[in-house]
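> A structural model of the following input is requested.
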Amino acid sequence: MKPHGCSLIYMIEREKIVTEKLSQPPRIVSENVQEQEQTFEFSLRPKNLKDFIGQESVKKNLHVFLQAAKKRNEPLEHLLFYGNPGLGKTTLAGVIANEIQGQIRVTSGPALERVGDLAAILSNLKKGDILFIDEIHRMNKTIEEVLYPAMEDFVLDLIVGKGPTARTLRLNLEPFTIIGATTRLSLLSSPLRDRFGLTFHLNFYEENEIEKIIERSASLLQISIDQTSKKELAKRSRKTPRIANRLLRRVRDFAQVKGKGIICDSMLEEAFELLQIDFFGLDRTDRFILSTIIEKFHGGPVGLSTIAAATQEEIATIEEVYEPFLLQLGLLDRTPRGRVATALAYKHLGFSCPSLL
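This is a model prediction of the structure:
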C-alpha cells in the first residue's frame with residue numbers, strides 16, 4: 001500500500017524506534033507512576049471529596065457511606081477500587097482518610113512478603129485507621145489467608161514456634177479499614193474479593209473533567225494556561241489524570257524556557273511536536289505498531305506474536321500496555337484471526353484506506 005506524503009513521517013519514525021529501544025526513557029503517556037514524579041504527583045492530589053474531580057457516581061456513594069460510618073462511630077467498611085492505572089485509586093484512599101480524620105498506612109501487595117510484616121502493620125493501627133494496599137492482586141497466598149480473620153473479626157492468628165511445641169496466638173486488633181487497589185480484578189481470589197464490603201470501578205475521565213483537573217493543577221503550579229491550550233492538553237491526556245498532570249509538567253518547562261511563562265496554543269504545538277505526541281495522545285511507539293500492521297501486513301489480520309516480532313516488542317507489552325488504548329480509540333480491532341487496523345487508523349496515519357474498510 002503506497003502511503004501519502006504525511007505518512008513518510010511515520011516511516012522515518014519506524015527506523016528510529018528500532019534503533020532506540022534500549023536507550024528509550026519511560027513513556028510520557030504511560031499510565032504507570034514514574035519514580036521521579038512521585039513527589040510532584042503527591043503535591044497535586046486533592047485532600048477531600050469536594051476537590052476531587054470526576055468519578056461522580058463513586059463520590060456520591062462514598063459521601064453517603066462516610067457520613068453513615070461517622071454517625072455510627074464505626075470504621076468504614078473495607079473498600080476495593082479497581083480500574084486502569086492513573087485514575088485516582090491512591091488519591092481516593094488519601095481523600096477517605098482525610099474525610100474520616102484517620103491515619104493512613106500505605107503498602108503494596110508485593111511488599112508484604114512475610115506474616116511478620118503484616119502483623120507489625122496491623123498491630124500498630126488505631127481505631128478508624130486505614131491500611132491501603134496497592135496492587136493487592138500481587139499479594140502472596142500466605143499473607144492473604146492471615147488477612148481473612150483480620151478483615152472479618154479484627155483478630156490476627158499467629159503460629160508461634162515450630163513442630164510439636166508450636167501453638168496459636170490470637171491478637172485482638174482495633175477496628176480498621178482496608179482499602180485495596182488493583183488494575184486486575186480477575187486476579188483477586190474469590191475469598192479475598194468477597195471480604196470487601198464496597199467495590200468501585202474507576203472509569204476513564206471525560207475531556208471536560210480532564211480540563212478541570214488541568215486548570216486546578218496549573219493553579220497549584222502557578223502557571224497560566226489559556227482555554228484553547230487546556231482543551232488541546234486534555235485531548236492528548238488519554239482520559240487519564242496522571243498523564244494530564246505529566247504533560248502539564250512537560251509543557252510548563254517549555255513555557256518557562258521558550259515562552260513567557262504562559263502556556264499558549266503556539267507554544268503547546270511546538271512542545272508536542274518535540275515530544276512527538278499527536279492529538280489522539282499517541283506516541284511514536286503507538287504509531288509504529290499501527291503503521292507496521294498497515295505497511296507490512298496490509299492492515300491485518302495479523303497475529304500478536306507476529307506483530308511483536310516485527311516491532312521488537314514483547315507480546316505482553318503490546319497486549320497490556322499499547323493495545324488497550326488503541327482498541328479504546330477504535331484504531332485497532334481484535335478478530336479471531338488476529339489484529340486489524342481500522343479505517344480510522346489509516347486516516348490518522350495518512351495512508352490510503354482500502355475500499356473494503
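> make it CA atoms for all contacts and neighbour counts henceforth
Noted.
> ok so Val257 is a strand residue?
No: looking at Val257 with DSSP: H, G, I helix; E, B strand; the rest coil, it is helix, so not inside a strand.
> how many residues are close by it?
When counting by other Cα atoms under 10 Å, one arrives at 10 neighbours for Val257.
> swap in the one 5 residues further on?
Ile262: 19 surrounding residues under other Cα under 10 Å.
> repeat for Leu329
Look at Leu329: counted by other Cα under 10 Å, it has 12 neighbours.
> for it, what are its contacts?
Counting by Cα atoms under 8 Å, 6 or more residues apart in numbering, Leu329 touches no other residue.
> quick check: it vs His78, distance?
Going from Leu329 to His78 by Cα to Cα, to the nearest Å gives 34 Å.
> tell me how far the helix or strand that contains Leu268 is from the chain's mean position?
For Leu268, the host element (DSSP states H and E) is helix 265-275. Between the centre of helix 265-275 and the centre of its chain there are 25 Å (Cα atoms, centre = their mean, to the nearest Å).
> need the CA coordinates for that helix. CSV is fine.
Taking Å, rounded to 0.1, in the frame of the first residue of the first chain, the C-alpha atoms of helix 265-275 are listed here in CSV:
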residue,chain,number,x,y,z
ASP,A,265,-1.6,27.5,21.7
SER,A,266,1.5,28.2,19.6
MET,A,267,3.9,27.1,22.4
LEU,A,268,1.9,24.0,23.0
GLU,A,269,2.0,23.0,19.3
GLU,A,270,5.8,23.3,19.4
ALA,A,271,6.1,21.3,22.7
PHE,A,272,4.0,18.4,21.4
GLU,A,273,5.9,18.3,18.1
LEU,A,274,9.2,17.9,20.1
LEU,A,275,7.6,15.4,22.5
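> determine the set of other helices and strands touching it.
Secondary structure elements in contact with helix 265-275, counted by 3 or more Cα pairs under 8 Å, 6 or more residues apart in numbering; DSSP states H and E, are helix 227-235, helix 241-258.
> so which bits of that helix are buried?
Under the neighbour-count criterion of 16 or more other Cα atoms under 10 Å, helix 265-275 has 265, 267-269, 271-272 buried.
> in CSV: these, plus distance to Leu147.
Formatted as CSV, those follow (distance: Cα to Cα, whole Å):
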residue, distance to Leu147
Asp265, 52
Met267, 52
Leu268, 49
Glu269, 51
Ala271, 48
Phe272, 47
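> out of the residues you listed, which one sits closest to Leu169?
Closest approach to Leu169 among the buried residues of helix 265-275 (Cα to Cα): Phe272, at 59.9 Å.
> my guess is that closest one contacts Leu282. True?
No: with contact defined as Cα atoms under 8 Å, Phe272 and Leu282 do not form a contacting pair (10.8 Å).
> ok, the residue most central in space within the chain to His201 distance?
Nearest to the geometric centre of the chain sits Pro85, at 1.2 Å (Cα atoms, centre = their mean). According to Cα to Cα, Pro85 stands 12 Å off from His201.
> same question for His298.
For His298, the distance to His201 equals 38 Å [Cα to Cα].
> before we move on, what about His63?
Per Cα to Cα, His63 is found 16 Å from His201.
> okay, now the unreliable bits of the stretch 251-357 of the chain?
Flagging of the stretch 251-357 of the chain using pLDDT under 70 yields the residue ranges 259, 355-357.
> show me the strands in it, by range?
262-263, 332-335, 338-341 (DSSP state E, counting those that start in this stretch).
> packing partners of the last one?
Counting contacts by 3+ Cα pairs under 8 Å, 6+ apart, the secondary-structure elements packed against strand 338-341 are helix 284-297, strand 332-335.
> cool, the second one as well?
Counting contacts by 3+ Cα pairs under 8 Å, 6+ apart, the secondary-structure elements packed against strand 332-335 are helix 323-329, strand 338-341.
> so for Thr292, which of those sits nearest?
The minimum distance between Thr292 and the helices and strands packed on strand 332-335 falls on strand 338-341, with 9.8 Å, by Cα to Cα.
> which other residues reach the closest one?
Residues outside strand 338-341 that contact it (Cα under 8 Å, 6+ apart): 290, 293-294, 299-304, 331-334.
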